[in-house]
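Asker: What would the 3D arrangement of this be:
(one chain, ligands or ions: 1)
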Amino acid sequence: MELRIGLGHDTHRLEPGGPLKLGGIDLEFDYHLVGHSDADVLLHAITDALLGAANLGDIGSLYPDSDPANRGRDSAQMLLEAYIRVQRERWHLVNLDCVVLAERPKLLPYRQQIQRRIAELLNIDPQQVGLKGKTGESVGEVGEGRVIQAQCVCLLSR
Ligand code: MG
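Answerer: Here you go, the predicted structure:
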């Protein structure tokens with residue numbers, strides 16, 4: 001059996017006005033993330049982890065921000081298309097482990113809902129989706145509430 005790990009990381013800027021799209025769901029919050037697509041920082045990190053593990057490039061090469069077609073693009077759709085490419089190479093997703101770095105909102109009340117949504121998108125069990133929230137301790141761009149970042153590692157087997 002072959003195993004591959006993948007790592008994804010992403011940052012998006014916060015601007016006033018909710019809701020906040022994170023992990024494929026809309027959270028009630030007074031800020032939203034800004035980007036060329038719908039700026040779902042967690043789905044972007046997961047997409048890059050999957051593509052990285054399979055050595056199939058990254059989200060920026062598949063969906064360049066220079067292409068107007070990608071404006072406002074649904075990140076769930078990008079994740080699914082990347083996952084299809086990964087599965088086409090006969091890779092099987094063993095698990096994901098994700099960290100969301102955000103001063104606010106608290107992730108805990110939404111944790112299970114996000115885990116379920118990600119599991120649903122990838123056709124895996126929510127038990128295979130690790131998800132943790134961390135603050136920036138009021139320091140730096142995360143701590144000052146200017147950005148939200150996400151990190152993801154994944155394991156593939158075939
Ligand atoms: Mg992004």
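Asker: For stretch 149-158, which outside residues touch it?
Answerer: With contacts defined as CB atoms under 8 Å, 6 or more residues apart in numbering, stretch 149-158 is touched by 1-11, 41-42, 44-46, 48-50, 53-54, 86, 89-102, 142. Bear in mind the C-beta positions are built from the backbone N, C-alpha and C, glycine included.
Asker: and those residues, which are buried?
Answerer: 4, 6, 8-11, 41-42, 44-46, 48-50, 53-54, 86, 91, 93, 96, 98-102, 142 (16 or more other CB atoms under 10 Å).
Asker: re earlier: mark which of the contacts of stretch 149-158 are part of helices, please.
Answerer: 41, 42, 44, 45, 46, 48, 49, 50, 53, 86, 142 (DSSP state H).
Asker: Correct me if wrong: residue 10 contacts residue 39.
Answerer: No - counting by CB atoms under 8 Å, residue 10 does not reach residue 39; the two are 9.2 Å apart.
Asker: Identify the farthest-apart pair in the ones in helices among the contacts of stretch 149-158.
Answerer: Greatest spacing in those, by CB to CB: 86 and 142 (28.9 Å).
Asker: in this protein, which ranges drop under the pLDDT threshold?
Answerer: Applying pLDDT under 70 to the chain picks out no residues at all.
Asker: Cool, thanks, talk later.
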